[in-house]
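*Asks:* below: sequence and its predicted model.
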Amino acid sequence: MASEAKAVYPALREGDRLYISGIGKVNAAMATQKAIDEGATEIVNAGVCGGFDPSMEIGDVFEVVRAVQYDFDLSDLNHTPVGQLDERESPYFCLETPVAEGRDGTVPDGAVLGTGDHFRNGDADLPLLRSLGVTLRDMEGAAVAQVCEKNHIPCRLVKSVTNVQGRGSMTGQYADNLAKALGTLTNYLMNHETDRDVRKDV
């Protein structure tokens with residue numbers, strides 16, 4: 001989103017390029033492929049997300065360790081696990097994160113991102129998300145990871161929490177907390193750059 005792009009912009013360095021994909025998996029995949037076609041050597045997808053770990057606080061920032069498309073389901077057709085693309089052996093896209101830490105500086109056990117093309121207020125998806133070990137949810141990250149895997153391009157997913165399950169309306173929390181989450185995202189990106197001499201694209 002444009003608001004996420006504004007949060008990322010202060011952290012850009014010389015040679016970086018910023019892509020605003022818009023919301024959803026198809027938009028994210030198209031923007032990622034465009035960045036790669038234009039010469040990206042690493043993709044950084046940065047934005048906000050929902051949280052499912054009750055210990056999370058609004059504005060916590062995580063680097064994703066694994067991502068899954070929880071709304072992809074061929075299980076009735078071929079009995080593969082939910083989220084698993086037909087040509088893969090796992091539902092998860094694994095990411096080599098240079099930093100994966102919570103607000104206390106420790107590496108979390110979770111940081112598993114579930115990506116789907118809907119924003120939900122209710123609990124209907126909770127059993128599925130829990131069965132997949134999902135601790136964060138967004139609408140783009142796993143699609144970005146899929147395109148990067150196909151192109152053999154390193155990928156980082158950096159997510160700031162706007163809403164936590166069980167603390168009231170997810171959409172209400174999102175509206176109330178977006179500015180705070182974007183602020184902590186900016187601070188995180190400015191203070192957790194890698195030493196690799198590569199172009200960073202979002």
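*Replies:* Sure, I can see it. Numbering: from 1, shown residues only.
*Asks:* which stretches of the protein form helices?
*Replies:* Listed in chain order, the helices of the chain (DSSP state H) span 2-8, 25-37, 75-78, 126-131, 141-151, 170-191.
*Asks:* buried stuff in the third one?
*Replies:* Just to be clear, that refers to helix 75-78. With burial defined by 16 or more other Cβ atoms under 10 Å, not one residue of helix 75-78 is counted as buried. Yep, even glycine has a C-beta here, placed from its N, CA and C like the rest.
*Asks:* residues contacting it, please?
*Replies:* Contacts to helix 75-78, defined as Cβ atoms under 8 Å, 6 or more residues apart in numbering, come from residues 81-82, 86.
*Asks:* take the residues you listed and write them to a markdown table, including distance to residue 16.
*Replies:* Shown next, in a markdown table, are these (distance: Cβ to Cβ, whole Å):
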| residue | distance to residue 16 |
| --- | --- |
| 81 | 36 |
| 82 | 36 |
| 86 | 35 |
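*Asks:* pLDDT score for the one residue sitting closest to the centre of the chain?
*Replies:* When Cα atoms, centre = their mean is applied to the chain, the residue found nearest the centroid is residue 141 (3.8 Å). Looking at residue 141, its pLDDT reads 96.
*Asks:* that one touches residue 116, doesn't it?
*Replies:* No: taking contacts as Cβ atoms under 8 Å, residue 141 lies outside contact range of residue 116: 10.4 Å.
*Asks:* what subset of the contacts of helix 75-78 is buried?
*Replies:* When the contacts of helix 75-78 are checked against 16+ other Cβ under 10 Å, the ones flagged as buried are residue 82.
*Asks:* re the thing from before, tell me which of the helices of the chain sits most buried.
*Replies:* The highest average neighbour count among the helices of the chain, using mean count of other Cβ atoms under 10 Å, belongs to helix 141-151 at a mean of 23.
*Asks:* which strands and helices sit next to that one?
*Replies:* The contact analysis (3 or more Cβ pairs under 8 Å, 6 or more residues apart in numbering; DSSP states H and E) places helix 141-151 against helix 25-37, strand 43-51, strand 66-69, strand 92-94, strand 112-115, strand 155-164.
*Asks:* can you give me the distance of residue 66 to residue 132?
*Replies:* Distance, residue 66 to residue 132, by Cβ to Cβ, to the nearest Å: 9 Å.
*Asks:* neighbour count for the two, which is higher?
*Replies:* The neighbour count for residue 66 versus residue 132, taken as other Cβ atoms under 10 Å, is higher for residue 66 (23 against 19).
*Asks:* excluding chain neighbours, what is closest to the more buried one?
*Replies:* Residue nearest to residue 66 in three dimensions, not counting chain neighbours: residue 92, with 4.3 Å by Cβ to Cβ, 6 or more residues apart in numbering.
*Asks:* contacts only, for the one you found.
*Replies:* Taking Cβ under 8 Å, 6+ apart, we find residue 92 in contact with 66-68, 83, 112.
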